[in-house]
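Peer 1: just need the structure, nothing else, for what follows:
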Amino acid sequence: MVEGRALARPGSEVLLTPTAVTMRVHEPGAPLNAEHVAVAAAEPGWVRVQVTASGMCHADIGTAAADGRGDVVHCPDRRIPGISYPGGWAESIAVPAEALARIPDDLDLYEAAPMGCAGVTTFNAVRHCGAPAGGRLAVFGIGGVGHLAVQFAAAMGFEVIAIARGAAREDLARSLGAHRYIDSEANEPGASLQDVGGADVIISTASTTAPVAGLVQGLRARGRLILIGRAPLEAAGRELERLKNGEPRFRVVLDASSARAVDG
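Peer 2: Below you'll find the predicted structure:
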């Protein structure tokens, strides 16, 4: 299970064990606990998935049946793992069959884990951004979401400008495909974008809307501003605190196979 979307490898076999290690919390503010939970067969229309890697994020992507417009995010029947049904920080989870997506054989499962949340979010943001072919796209924030946006935008042929705090991230941004880099600590991003002719699209991945007013100044005429916001399974509580403190550079992926190895 990967952040709201289950990624499945064709031909893989799920061994249904009596119990599975699952991270649970019993009341608001309480810590996460690793507990053995009874495993039941999936109901009709659902699929039980043996988890190898599960991404950690501040939010999850829900699943919903098609509403005629293909708008999963705003579908009134959207189901969110961890709220609508047990979430993916576990060795095994049952998910709606329509939430499954195949993983290519040559893609490592731990590298695939973030694709179910940050990957889908950034890919769709870039794909539907409305910028002309070869247009200029700026990404504000090179973290767990932004580093993927830079790569997708570069792969789609856009001229990419990465914006982040400090000069230390410039080499990283350029290695991900950015053509230019703006240090937001040394320069005002919107003004710096205007100095090079503005951007057709700016994707802000910041967790706050505070930078928005300044970023708007960096848009070209009719430009768009888009706002989007590996560890052992038993370490989910510790890794959640690290996420809250902003310590991981990109993403955290839980290794559910380690629990199976310990359990034998």
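
Peer 1: residue 119: how many residues sit nearby?
Peer 2: 23 (other CB atoms under 10 Å). Every residue, glycine included, has its C-beta placed from N, CA and C.

Peer 1: buried residues of stretch 208-220, list them for me.
Peer 2: Going by neighbour count (16 or more other CB atoms under 10 Å), the buried part of stretch 208-220 is 211, 215, 218-220.

Peer 1: wait, I meant stretch 86-105
Peer 2: 86-96, 99, 103.

Peer 1: starting at the chain centroid, how far to that stretch?
Peer 2: 15 Å (CA atoms, centre = their mean, to the nearest Å).

Peer 1: ends of it, how far apart?
Peer 2: The first residue of stretch 86-105 is 27 Å away from its last residue (CA to CA, to the nearest Å).

Peer 1: wait, residue 112 touches residue 102, no?
Peer 2: No: proximity of residue 112 to residue 102 does not meet the contact threshold set by CB atoms under 8 Å, at 10.2 Å.

Peer 1: circling back to that earlier point, wait, which of the buried residues of stretch 208-220 is closest to residue 129?
Peer 2: residue 219 (12.1 Å; CB to CB).

Peer 1: if I read this right, the closest one contacts residue 225, doesn't it?
Peer 2: Yes: with contact defined as CB under 8 Å, residue 219 reaches residue 225; the gap is 6.4 Å.

Peer 1: so what sits against both of these two?
Peer 2: In the contact map built from CB atoms under 8 Å, 6 or more residues apart in numbering, the residues linked to both residue 219 and residue 225 are residue 202.

Peer 1: so where's the stretch 1-150 of the chain shaky on pLDDT?
Peer 2: Scanning the stretch 1-150 of the chain for pLDDT under 70 picks out the ranges 1-16, 57-78.

Peer 1: how about 50 then?
Peer 2: 1-7, 60, 62-67 (pLDDT under 50).

Peer 1: in it, which spans are helices?
Peer 2: 109-112, 118-127, 146-155 (DSSP state H, counting those that start in this stretch).

Peer 1: kindly reformat these as CSV containing distance to residue 37.
Peer 2: Below are these laid out as CSV (distance: least, CB to CB, whole Å):
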stretch, distance to residue 37
helix 109-112, 22
helix 118-127, 27
helix 146-155, 32
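
Peer 1: and the ones you listed, which is most packed in?
Peer 2: A comparison of the helices of the stretch 1-150 of the chain by mean neighbour count, using mean count of other CB atoms under 10 Å, puts helix 146-155 on top with a mean of 24.

Peer 1: packing partners for that one?
Peer 2: helix 118-127, strand 136-140, strand 159-164, strand 199-204 (3 or more CB pairs under 8 Å, 6 or more residues apart in numbering; DSSP states H and E).
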